[in-house]
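# Show me how the following folds:
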Amino acid sequence: MTEPHAAEPATAAYLARRGVAAQWRVFVRGLVETLDEHLDQEGRAALMRAIGRRMADAMPLPHCDTLKGLESHINDALGAAEWGYCQIAIDVERRRMVVTHAAAPAIGAGADADGGWIGAVLEGLYAGWLSEQPGADAALAPEVVHYAAGEAKLEYGRAA
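Take a look at the predicted model:
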């Protein structure tokens with residue numbers, strides 16, 4: 001597998017916090033904590049995925065013929081929104097695409113000090129983008145398999 005280079009954890013965490021405008025930090029923290037009070041974990045995640053899908057709809061990507069092209073267009077959209085950047089690799093053995101998303105906005109809320117709630121938003125965002133690409137399978141959805149303050153690793157492919 002071609003493994004993308006991950007940012008240093010402290011750097012990723014700093015960039016993730018820095019990229020969130022001050023006027024939104026308190027609001028987002030309050031929003032996530034309120035959702036936690038009214039929804040169970042899966043309910044909150046489903047809502048966050050739906051928000052990510054709407055974000056993908058608002059930032060559509062052109063059809064891409066190569067992974068490098070896809071990565072470039074995704075990074076253009078992420079950069080315009082100040083939502084970090086990604087690297088895409090293929091795990092040939094497991095037949096999965098691996099997306100490493102760095103510098104995602106990270107706002108800790110309640111028991112979620114690292115802002116891991118953003119992982120579900122990223123799942124929805126990438127699901128929206130990938131579903132619009134040629135040959136996409138509607139039954140597949142990216143899944144966050146690892147998250148650490150501002151950096152998420154998502155896998156996309158059929159269960160091995």
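# is it fair to say Lys153 lies in a helix?
No: if the criterion is DSSP: H, G, I helix; E, B strand; the rest coil, then Lys153 is strand and not within a helix.
# quick one, what contacts the residue nearest in space to the middle of the chain?
Among the residues of the chain, the one closest to the centroid is Leu122, at 2.4 Å (CA atoms, centre = their mean). For Leu122, the residues meeting the contact criterion (CB atoms under 8 Å, 6 or more residues apart in numbering) are 52, 101, 104, 142, 144, 152, 154. (Each C-beta comes from the backbone N, C-alpha and C, glycine too.)
# burial count for Ala159?
8 (other CB atoms under 10 Å).
# same deal with Cys64?
Residue crowding around Cys64 was assessed by other CB under 10 Å; the count is 17.
# give me the number of residues near the residue nearest to it when sequence neighbours are not counted?
Computed as CB to CB, 6 or more residues apart in numbering, the closest residue to Cys64 that is not its neighbour in sequence is Leu70, at 4.0 Å. Applying other CB under 10 Å, we find 21 residues neighbouring Leu70.
# Next up, identify which helix or strand Leu70 is on.
Using DSSP states H and E, Leu70 sits within helix 67-81.
# swap in Ala89?
Applying DSSP H and E, one finds Ala89 within strand 85-91.
# how big is the angle separating that strand from helix 67-81?
Interaxial angle, strand 85-91 versus helix 67-81 (axes from the mean of the first three to the mean of the last three CA atoms, to 10 degrees): 160 degrees.
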